[in-house]
Every structure is written in structure tokens, then in C-alpha cells.
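Enquirer: take this sequence and fold it.
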Amino acid sequence: MVDENGSIRTLSVDIGGSGVKAMVLDITGTPLTERARVDTPSPAKPEVVINAIAVLAAAQGDFHRVSVGFPGVVRCGVTETAVNLHSDWVGFDLATALSQRLNKPVRVINDADMQGLGAIAGKGVELVITLGTGFGSALFVDGKLVPNMEMGHHQFRKKQTYEEQLGRAALQKHGEKKWNKRLEKAIASLQHLFNYDYLYIGGGEAVKINLQLPLNVKLVPNVTGLLGGIALWRD
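Expert: Residues are numbered from 1 along each chain as shown. Predicted structure coming up:
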């Protein structure tokens with residue numbers, strides 16, 4: 001289970017609505033390989049997404065175990081929702097299927113939860129949101145995860161959800177200026193709702209943020225979604 005210098009290598013995978021990413025981390029969570037990416041297959045059914053992960057894995061060299069961030073509710077390795085992928089994911093045992101394909105132990109978690117594990121300080125109430133194809137969210141209290149908090153599908157304003165107002169489709173339809181104004185309202189709303197100590201914002205569209213952020217709000221790079229993979233094996 002270890003390589004010649006005694007280090008366990010973890011393949012970290014981030015499944016997104018538009019791209020599937022992977023990199024290998026050492027035992028401390030430091031990247032050992034460059035981040036690799038392929039477009040998410042369409043339609044994004046389990047078998048073809050697993051094929052895409054296998055292609056990425058083959059190019060990443062040796063690894064001993066696998067961490068996966070998945071865009072939906074995940075319970076005991078089984079994916080329960082997948083709004084931005086395909087309905088075939090509902091009730092699919094991804095951990096077992098991928099473990100059989102790669103012949104390695106696999107742990108699966110919600111993608112925003114994995115991003116959060118790579119971003120948080122582990123003190124107080126910390127909220128993480130990811131702005132990409134959809135709107136992901138993760139909540140931590142003193143470093144302990146409250147799993148599968150799919151806040152993106154809750155009503156935000158004008159009878160629309162956070163994802164309908166701030167997902168990629170809304171950004172493309174309404175433009176960056178309006179999207180940023182909505183995000184500013186969302187940050188204020190979330191501060192009132194959670195009274196968080198810190199808010200971290202990540203995801204592929206976070207680069208489009210163009211507003212004065214409160215002092216307790218921090219942008220995190222998109223690679224954080226992969227870096228959080230090491231935390232799945234801390235037990």
C-alpha cells in the first residue's frame with residue numbers, strides 16, 4: 001500500500017458538470033502530478049464518466065487509493081442526486097464500481113464538501129460555496145463537516161434557487177455584472193442565515209467575481225477541490 005519512499009499516494013478526482021479533473025497527492029496532500037482534465041462526457045452516464053476517470057488515472061502514474069468529489073448527495077459511496085449529470089446516477093454505487101474498475105480502494109464525497117476540506121481552517125463556523133455549472137455548498141463547524149448540504153436547490157430570491165440565479169447558465173444568460181450583483185446579495189443572505197466566521201468561494205466561475213468582498217470572505221483556487229481529497233482518508 002506504499003511506494004518505495006514510504007508514502008501513500010492518493011488519486012484525487014473531481015467530477016464536474018463540464019469537466020472531470022484528477023491529480024495525485026502525497027500523504028500530506030501535496031500534489032505530485034499536474035492537474036489533468038477531460039470534458040465531462042455527454043450524456044454523463046455512470047459508465048462513460050468512469051471510463052473518463054480511468055483514462056485520467058492511467059496517465060497519472062502510481063497511486064494506492066482514490067478520493068472522488070461528486071456533484072450531488074453521496075451517502076456511503078452511493079450517489080443519490082446528480083442534477084447536472086444524468087438521472088442514472090440516482091442510487092448508483094460509485095465507490096464500489098470505481099474500486100472494481102481501478103482495483104484500488106475508493107471513497108466518494110460531495111464535491112463542495114471535498115473543496116471545503118481543502119479550504120477551511122478548521123475553526124468556528126465555516127461555509128464554502130462553489131460556483132461552476134451549478135452552485136455547491138458545504139458547512140463546517142470546528143472542522144467537522146455537515147455532509148450533503150445541497151443549498152443550491154433552495155429558494156434564494158424571485159422564486160428562484162441559488163443555482164438558478166448563480167449557476168453557469170444564469171451567468172451566460174444575464175452577464176457578469178448582473179451575476180455579481182446577485183452574488184453580493186447571496187453573500188449578505190448567507191451571512192444572516194449562518195452567521196459564519198468565514199466564507200470560502202471556489203469553483204470554475206469564481207474567477208468572474210468582480211466585487212468588494214467582506215473581510216471574512218475568501219476566494220479559493222479551483223484546484224482546492226482536488227486538494228481536499230486527502231482528507232477523505234483521515235480517520
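
Enquirer: going forward, measure contacts between C-alpha atoms and count neighbours the same way
Expert: OK.

Enquirer: phi, psi for the closest residue to residue 39 other than its chain neighbours please.
Expert: Residue nearest to residue 39 in three dimensions, not counting chain neighbours: residue 19, with 4.3 Å by CA to CA, 6 or more residues apart in numbering. Main-chain torsions, residue 19, degrees, to the nearest 10: phi -150, psi 150.

Enquirer: count residues in the vicinity of residue 19, would you?
Expert: For residue 19, the count of nearby residues is 15 (other CA atoms under 10 Å).

Enquirer: how near is it to residue 97?
Expert: Distance of residue 19 to residue 97, given as CA to CA, to the nearest Å: 20 Å.

Enquirer: the residue nearest to residue 39 touches residue 36, doesn't it?
Expert: No: if you go by CA atoms under 8 Å, residue 19 and residue 36 don't touch, sitting 10.0 Å apart.

Enquirer: before we move on, the earlier item: quick one: the residue nearest to residue 39 from residue 44, how far?
Expert: Distance, residue 19 to residue 44, by CA to CA: 10 Å.

Enquirer: equivalent analysis for residue 26, please.
Expert: Relative to residue 44, residue 26 is positioned 30 Å away (CA to CA).

Enquirer: residue 101 now?
Expert: Residue 101 sits 17 Å away from residue 44, going by CA to CA.

Enquirer: more neighbours: which of those two?
Expert: Each of residue 101 and residue 44 has its neighbours counted (other CA under 10 Å); residue 44 has more, 19 against 12.

Enquirer: which residues touch the more buried one?
Expert: 85, 86 (CA atoms under 8 Å, 6 or more residues apart in numbering).

Enquirer: quick check: phi and psi on residue 138?
Expert: phi -150, psi 140.

Enquirer: which residues sit in contact with it?
Expert: Counting by CA under 8 Å, 6+ apart, residue 138 makes contact with 112, 113, 116, 127, 128, 129, 145, 146, 147, 148, 149, 150.

Enquirer: hang on, isn't the fifth one packed against residue 203?
Expert: Right, the one you point to is residue 128. No: with contact defined as CA under 8 Å, residue 128 does not count as touching residue 203 (10.2 Å).

Enquirer: what sits in contact with each of these two?
Expert: Here residue 128 and residue 203 have no joint contacts, going by CA under 8 Å, 6+ apart.
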